[in-house]
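Student: structure here, sequence nowhere to be found:
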């Protein structure tokens, strides 16, 4: 029994299906039960949250968690499916601290809201950036510019005249 | 018998038979004091030019030494082996825009670098470069040097405060904390030497170190007070603010420390002051502990010349040591430095003084 | 207005009244005594001062410590033992832009970094030069299509020398530095006033 | 005593931030009360570019993530693609790949050691580190023509076979390094001031390190005996004899020493590879390039012009010099990846930093930050 099946056995109501992500056990879970699942996963010994990935599948948004257990040397992949218009899922920061930045990054680039995150702000792009670049419908033709305000924080605008050199 | 540079100039002029003529001319117009002023000005000019040339050479030497330790060549293109590099730096810095930050205190900002430089130059007054080669042999020479050195942190604080920059201010506060905690062991160790000599005059200190024990060991205070020498050396390096104690300008923490906002000629002043300070302090270490200008007397060559050579050689030995130190060790932390200063150096310096006083009182030497 | 026909023979023969100081000197014939060598036609005093100041400037280019991306590693490599820009007196990397003369824009200038790069440039004291290093700083390079990369640092600050490469080899850096030295050599007040060519 | 705290902004252009990172520090005099890290000044949109380029075109972009050690980036991405498309790799190619990756590990650790010492004020070590790095780069140059951004590892193998005289030069390099590493120990490890600065600074426990997502040498400095090369072996690592270097103290010194030991281990691995290098093709016939004859004609590539791995997704991770480097690649059966996600070690290692430096002096921030060993290209991507 691999770790995904074990999870399915422990939480039959939360796990929708079990599969593989190219030789790593994968469990598709209900997005409402993420906290419950996270608690169970942590109990199972998965102490390392490797990465959180958000994928825009055009009709839905997938969020994928890759776990690893240093004790058992096992992998586990969780996948939750969110609706595309307002993707949101509960934050797992309380279980894994690294999720703090990983979730912020996913929010920044894919636009998934993590409820209960202590500081859900953009991390790689400046605050105020329009759109989430890794969405498939992100408009690359809009040029956005960043200037620095009095307090040293970034100000985003589509007008680069303050920044660009005049002739 | 000449005692200082003024007398030496008079003696030289007399020897070639010009002095009486010049003196006569000035006596005729009833302005003898003008001649004295002129001679003093000549002495000052010679010292300042000598110091500035040394400073330029030192900045080249440091870069070259740095390069040699790091398996590089260092400056090569500007002049033979890059020897004109300091001149190029000077020309460039002279022509550079002099920025004053918007929130700065303009007067203090402008004043601070000059105070630093002048206070360093003043240290050279009682420093004997050689026999008779001394601007003025003050009776309180050592005290004077310690007192003048204490001006530097004040001007650094001025610079840091006036810059209106947090890095500058932190650097300045560090410099003050460092200087206060290291001037004390510095002074106490110096007193231990004064106990032996019985005088604060630099000339007396040098004269006390002439001669040999058992015919071979020179009577330098480094052999009498090895602990005192080490303490004095560490305290001096800390006072100069060089690695491993360069907190005031530690680049990786505070960008450029107290002179972060300075550019052009004002920055050059700090730059010059740093190397002038290095030279002055090395000279003081040599004078107090390494026998000053004392050395074997060579017949036929005037002692004024040989003593100057001995002094320069010894001073450069100390300078090269501090440069070598800079190349090889990292920087300590500010609280570790203060711990070292207050908890180790000061008790040891007091112990050193106690032993010195005991030895002198008991009349062993 | 009617087109003006120019009688070239007339222009050649007519002697204009001397106006500038240089022309007056030429008129009196004194110019030959104080002119510099023929290949450097100019006012000898200004030429000499210019040459001296430019020599000082080009011999002590202190770069500001600012690496942006990949090229910054090659910037370190250039200043290290093998390539050693210290030979030009350039190893004095100043962390404070006030004391620096030269900025290497070494790496990708992102939209977010662009205002900071501009600010850094503005903080530097005149005279100052900029070398744009690597494809990213020159044009955007491999990241030209990216949504958050500035397409060339010359959009925001004037650039003196461009060094291509991704990242440029240290030899290319050295060549770029030599080009900049050449450029500085031909600057000066004399040039500005039209006295030196 | 109550004192007023003030905000100190370090970066994005600052000598100690190794690039364009920014710390917002709340300072109480010299003591850090709160540290906030602002990243993203080098965000270049690599992941979006991954969706816009074909599988082969994206390999050069991976070079520019961790630009100090680019080979492992190449490898991690290529391996993800290989797993996705089920491409076989010849044994010789795997040996060459591990060879270049371990060489890169040495380079990375040399640069890290040098910049740590530079940040602490000792500027000589970095010169020595870069001197040896330059020798290694010459090896790379003979291999693929590039110094830093190699674009060398390709699906199915490596771009070109080892050139003539590579192995003797490598042996020379290893022999030289063995002597040099003793010098480094003498210069650095025995230095009292260095020990004063890094001992018991920035201590982090094993549990905390794991929870904060630390990986690689930084985590092994805290006493977690875990190395992906050992525990989840890939490539030819199962055949090699090496050990995961580990220290228990969890302070800056431990993290530094782990890296010093790793240089030794990597040299040990290199020696084994040199001895056991098999003959054969350097690339899977279907995907390789025609041997370069030196003629100035275009190089013929056998790589399929339309390369479409089957639809699916894969997360592949390796032990890069800085920690766990993972590539998530999703394919929808077209010529371009549907989604590329990079799990970069530097990004995750930074999460723990604010906790590690709280209550320390500003000078310690640099001592701790230097031993975490990040590269901004890897953090911001």
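Tutor: It's in. Values in this document were obtained by computation on a predicted structure and should not be read as measured data.
Student: let me see the contact set for the residue nearest in space to the middle of chain A.
Tutor: In chain A, the centroid-proximal residue (Cα atoms, centre = their mean) is residue A:106; its distance is 3.9 Å. In this structure, residue A:106 makes contact with A:52, A:53, A:54, A:63, A:112, A:114, judged by Cβ atoms under 8 Å, 6 or more residues apart in numbering or on different chains. All C-beta spots, glycine's among them, are computed from the backbone N, C-alpha and C.
Student: can you pull out the helices in chain C?
Tutor: Using DSSP state H, the helices found in chain C span residues C:8-13, C:21-28, C:31-34, C:44-59, C:70-79, C:114-123, C:134-139, C:170-185, C:189-192.
Student: so which residues on chain C come close to chain D?
Tutor: Proximity of chain C to chain D, by Cβ under 8 Å from any Cβ of the partner chain, involves residues C:65-70, C:72-74, C:76-77, C:80-82, C:93, C:95, C:107-108, C:110, C:112-113, C:116, C:120, C:142-143, C:145-149, C:166-167, C:169.
Student: try the stretch 101-250 of chain B
Tutor: So far as Cβ under 8 Å from any Cβ goes, the stretch 101-250 of chain B lies against chain D at B:166, B:170, B:243, B:244, B:246, B:250.
Student: hang on, residue B:293 packs against residue B:127?
Tutor: No: in this structure residue B:293 lies outside contact range of residue B:127 using Cβ atoms under 8 Å: 10.5 Å.
Student: on that earlier part again, which ones among the residues of the stretch 101-250 of chain B next to chain D map onto strands?
Tutor: Here DSSP state E is the test, and those give no hits in strands at all.
Student: which one (most neighbours) among those residues?
Tutor: residue B:250 (30 neighbours; other Cβ atoms under 10 Å in any protein chain shown).
Student: pLDDT below threshold where in the stretch 201-350 of chain B?
Tutor: In the predicted model of the stretch 201-350 of chain B, residues B:248, B:250-251 satisfy pLDDT under 70.
Student: show me where it has strands.
Tutor: Ranges of strands in the stretch 201-350 of chain B, per DSSP state E, counting those that start in this stretch, are B:212-213, B:217-218.
Student: partner strands of the last one, with direction?
Tutor: Partner strands and pairing direction for strand B:217-218 (DSSP bridges) are strand B:212-213 (antiparallel).
Student: so what touches the strand it pairs with?
Tutor: With Cβ under 8 Å, 6+ apart, strand B:212-213 has contacts from B:218, B:219, B:223.
Student: next up, the contacts around the first one.
Tutor: When the contact criterion is Cβ under 8 Å, 6+ apart, the partners of residue B:218 are B:209, B:211, B:212, B:291, B:294.
Student: quick one on the thing from earlier: make a ChimeraX selection of whichever of the residues of chain C next to chain D turn out to be buried.
Tutor: Command for ChimeraX, covering only those of those found buried under the criterion 16 or more other Cβ atoms under 10 Å in any protein chain shown:
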select /C:65,66,67,68,69,70,72,73,74,76,77,80,81,82,93,95,107,108,110,112,113,116,120,142,143,146,147,148,149,166,167,169
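Student: ok, and of the residues of chain C next to chain D, which contact chain A?
Tutor: For chain A, the contacts drawn from the residues of chain C next to chain D by Cβ under 8 Å from any Cβ are C:112, C:116, C:145, C:147, C:148.
Student: could you work out the most separated pair of those?
Tutor: Using Cβ to Cβ, the pair of those lying farthest apart is C:116 and C:145, separated by 23.0 Å.
Student: and the strands of the stretch 201-350 of chain B: which comes nearest residue D:87?
Tutor: The closest of those to residue D:87 is strand B:217-218. By Cβ to Cβ, the value is 79.3 Å.
Student: and the residue of chain D found nearest chain A, how far from chain B?
Tutor: When scored by Cβ to the nearest Cβ, chain D has residue D:213 as its residue closest to chain A, at 2.7 Å. For residue D:213, the distance to chain B equals 27 Å [Cβ to the nearest Cβ, to the nearest Å].
Student: repeat that for residue D:136.
Tutor: Distance from residue D:136 to chain B, by Cβ to the nearest Cβ: 16 Å.
Student: right, and that residue touches residue D:109 too?
Tutor: No: counting by Cβ under 8 Å, residue D:136 does not reach residue D:109; the two are 11.4 Å apart.
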